[in-house]
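A.B. asks: Got a predicted structure here, sequence first:
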Amino acid sequence: MLGNCNGHGRCNTATKTCSCMEGYGAPTDVAVYKTPDCSLRTCPSGPSWFSIPTAANSAGKVMECSGAGFCDRNSGQCKCLAGFEGADCQRASCPNGCSGHGRCFTMSELATLTQALPLSAPTTYGGAVTTTTWDQDRVQGCVCDSSWDVGLGANQRQTPQYFGADCSLMHCPSGNDPMTAVDETDCSGVTAPGGVGVGLTGNICHVDCSNRGICDYSSGTCRCFDGFYGSNCASLSPVT
């Protein structure tokens, strides 16, 4: 009803037009469609996930539901596409909820962690939304759970118990290969490809099944080769 603008705006009797309230088609609302009588809701908006960035410090065009969802015109709420979440679908959700074996963090949060597949010391990521790190709180990733410490410190391992983008896989018990003189689990002084300083403080390499078995990553159990046994295949079977 244009006469009272449906209670969501003010009617200009001279021009017979409505000035709608925010959320119902106000000039500041970003919406694909606005009703002249303020009868339908608009939804929250944000930088589009799928538009071309306009500059190094800008994500691109602002759209309803960040271009990653559909607006419910009755409720004014976004229905996000799979993989996105938030009031305006502004965050990329973690895959599969980290499978119940991890926690979901934004990039700005991940940068500060010391136990998340460490390849460097804790740092920072993010700043004002007008910087090149505008996506600091939009992109998320899983930090998988582990029954052992993960990090750069002594007696910490370089990989968590659960792994994969959604933490759905599970490492098998680790051990030293009983057939070699070298301790494969000793990563002291070992660096990652590219010379990244991993292991310089003496952390432990993870060796699935002691290199003497095949790991079933869906269950985290070893299938030992003939002649070896144990949960991590680190023991030699006695000769009979």
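C.D. replies: The structure has been received and is ready for your questions.
A.B. asks: which stretches of the chain have low pLDDT?
C.D. replies: 1-3, 114-122, 129-130, 191-201, 240 (pLDDT under 70).
A.B. asks: 80 instead, please
C.D. replies: For the chain, applying pLDDT under 80 flags the ranges 1-3, 54-60, 113-124, 126-132, 134, 151-154, 158, 188-203, 239-240.
A.B. asks: Domain-wise, how is this structure divided?
C.D. replies: 94-155, 171-240 (automatic domain parsing).
A.B. asks: now those in TSV, with mean neighbour count and distance to Asp72?
C.D. replies: C-beta coordinates here come from the backbone N, C-alpha and C atoms, glycine included. Shown next, in TSV, are the domains of the chain (neighbours: other CB atoms under 10 Å; distance: least, CB to CB, whole Å):
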stretch	mean neighbour count	distance to Asp72
domain 94-155	16	22
domain 171-240	16	39
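A.B. asks: export the ones you listed to CSV and tack on distance to Pro53?
C.D. replies: Output for the domains of the chain, formatted as CSV (distance: least, CB to CB, whole Å):
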stretch, distance to Pro53
domain 94-155, 9
domain 171-240, 28
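A.B. asks: where along this structure do the helices fall?
C.D. replies: Along the chain, counting by DSSP state H, helices occupy 107-110.
A.B. asks: Need the residue closest to the centroid of it.
C.D. replies: Most central in the chain under CA atoms, centre = their mean is Gly141, positioned 1.6 Å from the mean C-alpha point.
A.B. asks: That one and Ser108 touch, don't they?
C.D. replies: No - with contact defined as CB atoms under 8 Å, Gly141 does not reach Ser108; the gap is 11.5 Å.
A.B. asks: show me what contacts the residue nearest to Ala165 when sequence neighbours are not counted?
C.D. replies: Nearest non-adjacent residue to Ala165, counting by CB to CB, 6 or more residues apart in numbering: Pro95, 5.3 Å away. Pro95 is in contact with 83, 142, 165-166, counting by CB atoms under 8 Å, 6 or more residues apart in numbering.
A.B. asks: The same query, at a cut-off of 10 Å, please.
C.D. replies: Applying CB atoms under 10 Å, 6 or more residues apart in numbering to Pro95 gives the contacts 83, 102, 104, 140-142, 164-168.
A.B. asks: Then Cys167?
C.D. replies: 94-104, 142-146, 160-161.
A.B. asks: Select, out of the domains of the chain, the one closest to Thr13.
C.D. replies: domain 94-155 (40.9 Å; CB to CB).
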